[in-house]
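S.K.: My questions are about this predicted structure, shown below with the sequence.
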Amino acid sequence: DAGITQSPRHKVTETGTPVTLRCHQTENHRYMYWYRQDPGHGLRLIHYSYGVKDTDKGEVSDGYSVSRSKTEDFLLTLESATSSQTSVYFCAISESKGQSSGANVLTFGAGSRLTVL
Amino acid sequence: AQSVTQLDSHVSVSEGTPVLLRCNYSSSYSPSLFWYVQHPNKGLQLLLKYTSAATLVKGINGFEAEFKKSETSFHLTKPSAHMSDAAEYFCVVSVGSGGGADGLTFGKGTHLIIQP
């Protein structure tokens, strides 16, 4: 997973506590994404960013917020964690979108496993 | 709107035999299509992509996929399975915009099991 790192890789927390996951890239890619992966659901988009301070909601954004103050960092925050947010979270980056040959190719981080008790 | 269906949640083959993972899609526009592989406790890795060039696409590790517009399919194949191919495989469709908020829609995945 060269060029993209997630931290922490594992976290156990209690219901009601805030949690922040960090995604850091060294590729200078414009687009960054947060997905969650759950059995039987594949990957579902939480939020994504198309530039510094430019973010948008995905399919499952309720209970999550994001921030991108620098090109290289994209933070995912659970303001008050719930057991339903126990999941594996993946960050991904892409250089471009659209219909060009290299568009929409995602590079994924190694994942952050979050357990909410 | 766009969608993608992976027809098998699990596929089991013997080592050395062919692999077929099936993917059907629906899209109102000319799609880009991707296959990603996820090994245990790892992130997803791009196997191959189709972006309106040749309909037969070759990827890494001996995998290939054929885009068939008439059948709205993008099945993934490999002539001879190796133990290291055991993983989860995801088919992804993109029209660049629309669909999901970022234009990408993931299938639910196919778990490939390789029997020795």
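M.R.: Received it, and whenever you're ready, just let me know what you need.

S.K.: Show me which residues of chain B sit near chain A.
M.R.: B:30, B:32, B:34, B:36, B:41-46, B:49, B:51-53, B:90, B:94, B:96-97, B:100-104, B:106-109 (C-beta under 8 Å from any C-beta of the partner chain). For every residue, glycine as well, the C-beta is placed using N, CA and C.

S.K.: Can you flag the buried ones in those?
M.R.: When the residues of chain B next to chain A are checked for burial by 16 or more other C-beta atoms under 10 Å in any protein chain shown, the buried set is B:32, B:34, B:36, B:43-46, B:49, B:51, B:90, B:94, B:96, B:100-104, B:106-109.

S.K.: in the sheet, who's paired with the residue of chain A found nearest chain B?
M.R.: Residue nearest to chain B within chain A: residue A:108 (3.5 Å; C-beta to the nearest C-beta). For residue A:108, the beta-bridge partners are residue A:92 (DSSP bridges).

S.K.: Could you count how many residues lie near it?
M.R.: Look at residue A:108: counted by other C-beta atoms under 10 Å in any protein chain shown, it has 22 neighbours.

S.K.: That one is in contact with residue A:90, isn't it?
M.R.: Yes - with contacts counted by C-beta atoms under 8 Å, residue A:108 reaches residue A:90, the gap being 5.4 Å.

S.K.: Find the residues that touch each one of those two.
M.R.: Shared contacts of residue A:108 and residue A:90 (C-beta atoms under 8 Å, 6 or more residues apart in numbering or on different chains): B:43-44.

S.K.: Let me see the contact set for the nearest residue to residue B:31 once chain neighbours are set aside.
M.R.: Residue nearest to residue B:31 in three dimensions, not counting chain neighbours: residue B:93, with 5.0 Å by C-beta to C-beta, 6 or more residues apart in numbering or on different chains. Neighbouring residues of residue B:93 by C-beta under 8 Å, 6+ apart: B:2-4, B:25, B:27, B:31-34, B:99, B:104-105.

S.K.: do residue B:94 as well
M.R.: A:103-104, B:2, B:31-34, B:103-105.

S.K.: Please report how far residue A:116 lies from residue A:26.
M.R.: According to C-beta to C-beta, to the nearest Å, residue A:116 stands 30 Å off from residue A:26.

S.K.: show me where pLDDT drops low in chain A?
M.R.: The model of chain A has pLDDT under 70 over residues A:1-2, A:96-103.

S.K.: which strand of it spans the most residues?
M.R.: Using DSSP state E, we find that the single longest strand of chain A is strand A:42-51.

S.K.: Other residues contacting that strand?
M.R.: Residues contacting strand A:42-51 (C-beta under 8 Å, 6+ apart): A:30-38, A:55-61, A:64-66, A:68, A:71, A:74, A:76, A:89-90, A:97, B:44, B:90, B:100-102, B:104, B:106-109.

S.K.: From the residues you listed, list the buried ones, please.
M.R.: Buried, going by 16+ other C-beta under 10 Å: A:30-37, A:55, A:58-61, A:64, A:66, A:68, A:74, A:76, A:89-90, A:97, B:44, B:90, B:100-102, B:104, B:106-109, out of the contacts of strand A:42-51.

S.K.: Can you spell out which helices and strands pack onto the least confident helix or strand in chain B by mean pLDDT?
M.R.: Here the helix or strand of chain B ranked lowest by mean pLDDT, DSSP states H and E is strand B:104-106, holding a mean of 87. Contacts defined by 3 or more C-beta pairs under 8 Å, 6 or more residues apart in numbering or on different chains; DSSP states H and E place strand B:104-106 against strand A:42-51, strand B:2-6, strand B:87-94.
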